[in-house]
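Novice: Kindly generate the corresponding structure for this input.
(2 chains)
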Amino acid sequence: RKEVEQDPGPFNVPEGATVAFNCTYSNSASQSFFWYRQDCRKEPKLLMSVYSSGNEDGRFTAQLNRASQYISLLIRDSKLSDSATYLCVVTLNTGGFKTIFGAGTRLFVKA
Amino acid sequence: NAGVTQTPKFRVLKTGQSMTLLCAQDMNHEYMYWYRQDPGMGLRLIHYSVGEGTTAKGEVPDGYNVSRLKKQNFLLGLESAAPSQTSVYFCASSTPGQGTEAFFGQGTRLTVV
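Specialist: Predicted coordinates for the structure are as follows:
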């Protein structure tokens, strides 16, 4: 079992739609959680951190469920420019540094 | 701001050749990392460094060596390239701590034939 699992998609949605991605992690010692965005043939960039209380940044909302060991990303009012791959990232402290990236979920927003 | 710069951006190697990928950051970050990204696999950590003069193995270190002689530079070496090392390589840097953002370079597309 992968330590961080994501549905690879692709998710094909029309402009204006609401879309949600989930990501599960296997290690209960995971401490920090992030969503990164990666455009085609580009480097990953931080989209938002994910806090236990949940957090919102404009059209993007991230949630963390420690009991079930998953995080989610909700995108409202999808734009064409949201088309990208979204990477779930988990860091944990097991006596040494470890940051684990999910394989990503591809999103295509169409007009 | 340059941020994290990787050179070269593209390279084709023959099996058995060697090469060095250079990563330079101008943000005074302590931590630096080398990842490889393959289709369906996500980013996998090759080696990382928590400071000048220190390096450590990541998830997939075999076939690679690294050096961090200066704080701003992190070099990734392939001594004898193999087709299995065909991948996109990303360098990243960050400040210490669990909850800090990692800044990535633009990647190096390496093909080993």
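Novice: use CA for all of it now, contacts and neighbours both
Specialist: Fine.
Novice: Tabulate the CA atom coordinates of stretch A:59-73 in CSV.
Specialist: Presented in CSV, the C-alpha positions along stretch A:59-73 are these (Å, rounded to 0.1, in the frame of the first residue of the first chain):
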residue,chain,number,x,y,z
ARG,A,59,-12.4,29.2,-4.1
PHE,A,60,-10.3,26.5,-2.5
THR,A,61,-11.1,24.7,0.7
ALA,A,62,-8.9,22.1,2.4
GLN,A,63,-10.0,19.8,5.1
LEU,A,64,-8.1,17.3,7.3
ASN,A,65,-9.7,14.3,9.0
ARG,A,66,-7.1,12.7,11.3
ALA,A,67,-9.4,10.0,12.5
SER,A,68,-9.9,8.6,9.0
GLN,A,69,-6.5,9.7,7.8
TYR,A,70,-7.5,11.7,4.8
ILE,A,71,-7.4,15.2,3.5
SER,A,72,-9.6,16.8,0.9
LEU,A,73,-9.5,19.7,-1.5
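Novice: Identify each buried residue in it, please.
Specialist: For stretch A:59-73, the neighbour count (16 or more other CA atoms under 10 Å in any protein chain shown) marks A:60-64, A:70-73 as buried.
Novice: Find the residue closest to the residue in chain A positioned nearest to chain B in space, skipping its chain neighbours.
Specialist: Closest contact between chain A and chain B, by CA to the nearest CA, is at residue A:103 (3.5 Å). Closest residue in space to residue A:103, ignoring its immediate chain neighbours: residue B:42 at 3.5 Å, by CA to CA, 6 or more residues apart in numbering or on different chains.
Novice: Tell me which of the buried residues of stretch A:59-73 fall in strands.
Specialist: Counting by DSSP state E, the part of those found in strands is A:60-64, A:70-73.
Novice: Between which two of those is the distance greatest?
Specialist: A:60 and A:70 (16.8 Å; CA to CA).
Novice: Just say helix, strand or coil for residue 91.
Specialist: You didn't say which chain, so I picked chain A. strand (DSSP: H, G, I helix; E, B strand; the rest coil).
Novice: was after chain B, sorry
Specialist: strand.
Novice: Report the beta-bridge partners for it.
Specialist: Note on residue B:91: beta-bridge partners by DSSP bridges are residue B:34.
Novice: And the pLDDT at it?
Specialist: If you check residue B:91, the pLDDT there is 97.
Novice: do the same with residue B:40
Specialist: In this model, residue B:40 carries a pLDDT of 76.
Novice: The closest residue to it other than its chain neighbours in helix, strand or coil?
Specialist: Excluding the flanking residues, the one nearest residue B:40 by CA to CA, 6+ apart is residue A:103, at 5.7 Å. Using three-state DSSP as the criterion, the local structure at residue A:103 reads coil.
Novice: what's the distance between residue A:103 and residue B:70?
Specialist: 32 Å (CA to CA, to the nearest Å).
Novice: Residue B:32 touches residue B:50, doesn't it?
Specialist: Yes. With contact defined as CA atoms under 8 Å, residue B:32 reaches residue B:50; the gap is 6.6 Å.
Novice: between those two, which one's more packed in?
Specialist: residue B:32 (30 against 20; other CA atoms under 10 Å in any protein chain shown).
Novice: Tell me which residue is most central in chain B.
Specialist: Centroid-nearest residue in chain B, with CA atoms, centre = their mean: residue B:34, separated by 2.8 Å.
Novice: give the contact list for residue B:61.
Specialist: B:45-47 (CA atoms under 8 Å, 6 or more residues apart in numbering or on different chains).
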